[in-house]
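Asks: Make a model of this:
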Amino acid sequence: MLQILLRREGYRVDVVDGVHAARDRLGSADPYDVVITDLVMPDGTGMEVLDAVRARSADTQILMITAYATTEQAVAAMRRGAYDYVQKPFRNHELLATLEKALEKRAIVAENQTLRAQVKARWSAGQLIGKSAAMDRLRDMTQRVANATTSVLITGESGTGKEMVARSLHFQSPRAEEPFVVLNCGAVPENLIESELFGHVKGAFTGATGAKEGLFRAANGGTLFLDEVGELPPPLQVKLLRVLQDRKVRPVGGSAELEVDVRVVAATNRDVESEVEAGTFREDLFYRLNVIRIEVPPLRERPEDIPVLAEYFLEKHAALQGRRLEFSPEATRWLAQQSYAGNVRELENIVERGVTLAPGATINREDLGDTHPSKKAVNLTEIPEGNFDLDDYLTQVEKELLFRALDQAGGVRKKAAELLGMSFRQFRYRLAKHISPEVGDAAAD
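Replies: Next comes the predicted model:
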């Protein structure tokens, strides 16, 4: 009867006449989306069918058909993994409704597995974008330490992609199916960060109207990424060290310690060794975090990665806006010439701006911005001996830079202004101070 009903509804249906036949079919066929089984049968029980299904496919949904007298067993079957049960006698529309819900759950499970696989692939070593030797070494390092359980300290300038490296470590590790939890230690007020990390019990402090588990427990089984760990105040450094040593946390206001299984990955853009010497960062915590050190190089040290990253960000942001775009040759050259004090984050922001402002299918140089926010570091020489006039010295430096920029830009003042990170009006005004009045008047025009 069920075979006829379900086939009329468009389902592909296999039917067997008992537990032994079900085991044989489950062992030889591809996994089913749903298995419908009676609970009580002459040669066994639906529980045995449930175990056989679970041994073959963890994602198959199981519906139990049961008489009133065996409802408790059906509930027990649900506790062991069955999706639901249908009580005899049942109406066809009730069974079909339950079956549709089971199939919806099966689809959700499959979708979640696909999304997890995509996320894992996205943050794998192959997604640490770049073709430079420095990026090859970085990818190799993350692959080598991903399976370890030891703490990792990621260092590098702001915007280099330290969180991306941490995600890559997590999604290549055996913990990939477990949570990846992020805390920016510099973004949480000092009086709240202990509760944020370790949780609190109800009434632990004013405003604690309920209990909170904390990020260590939220990340249990997975990875906790502590960004800007150098911002942690000294009292919290002591407590973090204790958690790393004992693998236990004590919520604020609580008396019991709770075990946690968390891999800690920390990151900082500070010179932690100098802070240890200065006494602002605990030496014992530094050594506990610095079991494995990964240095993320700044973008200016791997200029060959700039075009690759720019194309990656172009594809990403164009897709988000539903557009198909490309860089003009001039825009590509300009991007490759910048210093990027803000590193990869700054490059992405510039590309996103271009995607937003480009009126057509091509991102031109002007779409990327008239001035560049990056400022190259100034190398100061020693103060000259004798009479030294700072104003005169700075005037000469300004003049030298203006004329060098003009020479590099082939005499095109607008391009020279871009090289110096200023507007054309600013460049024209400054240049006029260093040339003859006649030329100055012409420049003002």
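Asks: Can you give me the pLDDT of residue 274?
Replies: On pLDDT, residue 274 comes in at 88.
Asks: Equivalent analysis for the one 5 residues further on, please.
Replies: According to the predicted model, the pLDDT of residue 279 comes to 89.
Asks: check contacts around it.
Replies: Contact partners of residue 279, counting by Cβ atoms under 8 Å, 6 or more residues apart in numbering, are absent. Using the backbone N, CA and C atoms, a C-beta is placed for each residue, glycine as well.
Asks: Would you quantify the distance from it to residue 231?
Replies: For residue 279, the distance to residue 231 (Cβ to Cβ, to the nearest Å) stands at 16 Å.
Asks: following the helix ranked longest in the chain, which helix or strand shows up next?
Replies: The residue-count maximum for a helix in the chain (DSSP state H) belongs to helix 92-122. Downstream of helix 92-122, the first helix or strand assigned by DSSP states H and E is helix 133-145.
Asks: Can you name the element that comes right after that next one?
Replies: Assigned by DSSP H and E, the successor of helix 133-145 is strand 152-155.
Asks: tell me the mean pLDDT over that next one?
Replies: 96.
Asks: Over to stretch 128-147?
Replies: 92.
Asks: With stretch 190-204 instead?
Replies: Average pLDDT, stretch 190-204: 90.
Asks: Straight-line length of it, end to end?
Replies: Across stretch 190-204, the terminal residues are separated by 16 Å (Cα to Cα, to the nearest Å).
Asks: list the contacts for residue 415?
Replies: Residue 415 neighbours (Cβ under 8 Å, 6+ apart): residue 409.
Asks: Wait, a strand at it?
Replies: No: counting by DSSP: H, G, I helix; E, B strand; the rest coil, residue 415 is not part of a strand but helix.
Asks: And the strands in this structure?
Replies: 34-38, 40-41, 44-45, 61-66, 84-87, 152-155, 180-184, 223-227, 248-249, 258-259, 263-268, 292-295, 326-327, 362-363 (DSSP state E).
Asks: Out of those, the one nearest residue 167 is which?
Replies: Among those, strand 180-184 comes nearest to residue 167, with 6.3 Å by Cβ to Cβ.
Asks: got the buried residues for that closest one?
Replies: Neighbour-count burial for strand 180-184, counted by 16 or more other Cβ atoms under 10 Å, picks out 180-181, 183.
Asks: can you check stretch 171-187 too?
Replies: Buried positions in stretch 171-187, judged by neighbour count with 16+ other Cβ under 10 Å: 171-173, 175-176, 178, 180-181, 183, 185.
Asks: now do stretch 130-137
Replies: So stretch 130-137, judged by 16+ other Cβ under 10 Å, has buried residues 130, 132, 134-135.
Asks: centre of the chain versus it, how much separation?
Replies: Relative to its chain's centre, stretch 130-137 lies at 20 Å (Cα atoms, centre = their mean, to the nearest Å).
Asks: May I see the buried residues of stretch 171-187 organised as a markdown table, with pLDDT added?
Replies: A markdown table is the format used below for the buried residues of stretch 171-187 (pLDDT from 0 to 100):
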| residue | pLDDT |
| --- | --- |
| 171 | 91 |
| 172 | 91 |
| 173 | 93 |
| 175 | 93 |
| 176 | 91 |
| 178 | 92 |
| 180 | 94 |
| 181 | 95 |
| 183 | 94 |
| 185 | 91 |
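Asks: Narrow those to those in helices?
Replies: residue 171.
Asks: any idea which of the buried residues of stretch 171-187 is closest to residue 47?
Replies: residue 178 (30.2 Å).
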